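Participant: Any chance you could fold what I've pasted below:
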Amino acid sequence: MVWLYIALIAIILLFLLIIFSKLTIHLNFFHHNDNDELSVVFKLWFGLIKYTINVPLIKIDDNSPSIVLKGNTSMADSGEGESSSKVQQVDKDYIVTKLSDAKEILQHVVKMQVIVSKFMKRIVIKHFEWHSLVGVGDAAHTGIITGALWTLKGSVVGMLSNFLRLKEMPVLSVTPHFQMAIIQTRITCIIHFRIGYAILAGLKLIKFWKGGRPNLKMNTAYSKEKTKTV
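Facilitator: Residues are numbered from 1 along each chain as shown. From the prediction side, this is the model:
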């Protein structure tokens, strides 16, 4: 019986130690022309526990510089390659239902944003550096791009200061290169937060999604209509 109490106390102490511990994340990103390097280091208990993720190369498709999101849509069989059309009657009830659904979704997004923002306010940016070297081979265009980069960096820092806690002023630099075309940037960031806040935010999100899904009237009406047609 004594050993059971000792084991229970040890488990409680370990749990308290974990939730009050700070998780430190070191993020290093380096971009040079077509080569990207990303390194993320997780540290716990002053480096006693350390886990590193290294991504030596992130290659983007040469045919498209953007991110492509693929979605599959299922459609009912409409015959031999013939296109099918659906006529939707828009009346007062339809508009009211749409507005009600939009309000319901907006309320849920706001509630979720409150949970996320409260956790993000617990995240401390201990150190942030962002250095860039840019050039396009033309002095005038390089100057324009340099100014645009300064504007972008100022906006990013402003956004970070609104959502997170900056412990010190970020170190920023943009160096123009007028003789050749080059783009090079390095981002170094150190953040930390208590694991207990992350666990609490995760539990709130799970509870939110399980018990607070939006009740959309349009889906209900569509389901009833589909049941009648079947």
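Participant: so where's this structure uncertain?
Facilitator: Residue ranges of the chain with pLDDT under 70: 56-111, 211-230.
Participant: all helices for it, in order.
Facilitator: Using DSSP state H, the helices of the chain run over 2-19, 92-120, 139-163, 195-211, 217-229.
Participant: List of residues touching the third one?
Facilitator: The contact list for helix 139-163, computed with CB atoms under 8 Å, 6 or more residues apart in numbering, reads 117, 120-121, 125, 128, 130, 132, 134-136, 166, 170, 172, 174, 176-178. Glycine gets a C-beta too; all of them are placed from N, C-alpha and C.
Participant: buried residues in that helix?
Facilitator: 142, 145-146, 149, 153, 157, 160 (16 or more other CB atoms under 10 Å).
Participant: May I see those arranged in JSON lines, with distance to residue 38 as well?
Facilitator: JSON lines is the format used below for the buried residues of helix 139-163 (distance: CB to CB, whole Å):
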{"residue": "142", "distance to residue 38": "27"}
{"residue": "145", "distance to residue 38": "24"}
{"residue": "146", "distance to residue 38": "25"}
{"residue": "149", "distance to residue 38": "20"}
{"residue": "153", "distance to residue 38": "19"}
{"residue": "157", "distance to residue 38": "20"}
{"residue": "160", "distance to residue 38": "18"}
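Participant: The closest residue to residue 122 other than its chain neighbours and residue 167: what is the separation?
Facilitator: Spatial nearest neighbour of residue 122, chain neighbours left out: residue 197 (4.4 Å); criterion: CB to CB, 6 or more residues apart in numbering. Separation of residue 197 from residue 167 (CB to CB, to the nearest Å): 16 Å.
Participant: Residue 147 now?
Facilitator: 29 Å.
Participant: do residue 115 as well
Facilitator: From residue 115 over to residue 167 the distance is 24 Å, taken as CB to CB.
Participant: Pick out whichever of the two has more residues nearby.
Facilitator: Neighbour count, other CB atoms under 10 Å: between residue 115 and residue 167, residue 115 has more, with 17 against 13.
Participant: these two touch, right, that one and residue 202?
Facilitator: No. Between residue 115 and residue 202 there is no contact under CB atoms under 8 Å: 9.6 Å.
Participant: Would you check how far apart the residue lying closest to residue 55 once chain neighbours are set aside and residue 159 are?
Facilitator: Once flanking residues are discounted, residue 55 sits nearest to residue 38: 4.2 Å by CB to CB, 6+ apart. The gap separating residue 38 from residue 159 is 21 Å, by CB to CB.
Participant: go on, residue 192?
Facilitator: Using CB to CB, residue 192 is found at 19 Å from residue 159.
Participant: Residue 25 pairs with what?
Facilitator: Counting by DSSP bridges, residue 25 forms beta bridges with residue 42, residue 191.
Participant: For it, give me its contacts.
Facilitator: Counting by CB under 8 Å, 6+ apart, residue 25 makes contact with 40-43, 190-192.
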